[in-house]
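Chemist: Sequence isn't available, so here's the structure alone:
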């Protein structure tokens, strides 16, 4: 069985397109992938907590972008 055909723990990703399909297709890094993962699942799993996790990872993505491109907040 392929990884995309199985979900370990819960059923919050019951969709034809799995988050890691999008992550791989767009070549997202760890932090960007987590933003996407938490945003896609918040309605079905942990609500506000997942939105806050997405926000936290997005803060890291922003910091990485600013450091790489010399931009300040």
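Modeler: That came through fine. What you see is a predicted model; the values in this text were computed from it and never measured.

Chemist: for this protein, which helix is longest?
Modeler: helix 48-69 (DSSP state H).

Chemist: Rounded mean pLDDT for that helix, please.
Modeler: Mean per-residue pLDDT for helix 48-69: 97.

Chemist: residues in contact with that helix?
Modeler: 31-32, 34-35, 38-39, 41-42, 46, 71-73 (CB atoms under 8 Å, 6 or more residues apart in numbering). Placement of C-beta: from N, CA and C, glycine included.

Chemist: Quick one: distance of that helix to the chain centre.
Modeler: 10 Å (CA atoms, centre = their mean, to the nearest Å).

Chemist: can you check stretch 25-45 too?
Modeler: For stretch 25-45, the distance to the chain centre is 1 Å (CA atoms, centre = their mean).

Chemist: what about that stretch, how long is it end to end?
Modeler: 24 Å (CA to CA, to the nearest Å).

Chemist: Any buried residues in that stretch, and which?
Modeler: Buried residues in stretch 25-45, defined by neighbour count with 16 or more other CB atoms under 10 Å: 28, 31-42.

Chemist: try stretch 56-73
Modeler: 57-58, 61.

Chemist: can you put the residues you listed in a markdown table and add distance to residue 16?
Modeler: Formatted as a markdown table, those follow (distance: CB to CB, whole Å):
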| residue | distance to residue 16 |
| --- | --- |
| 57 | 24 |
| 58 | 26 |
| 61 | 26 |
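
Chemist: any idea of the pLDDT on residue 15?
Modeler: 64.

Chemist: How about residue 12?
Modeler: In this model, residue 12 carries a pLDDT of 56.

Chemist: now residue 8
Modeler: 55.

Chemist: All further residue positions should be reported with the first residue as 3.
Modeler: Yes, from this point I'll number from 3; that puts the last item at residue 10.

Chemist: what about residue 27, helix or strand, and which?
Modeler: If you go by DSSP states H and E, residue 27 is part of helix 21-28.

Chemist: An error on my part: the question was meant for residue 19.
Modeler: With DSSP H and E as criterion, residue 19 is part of no helix or strand.

Chemist: Count the residues that sit near it.
Modeler: The local packing of residue 19 (other CB atoms under 10 Å) involves 11 other residues.
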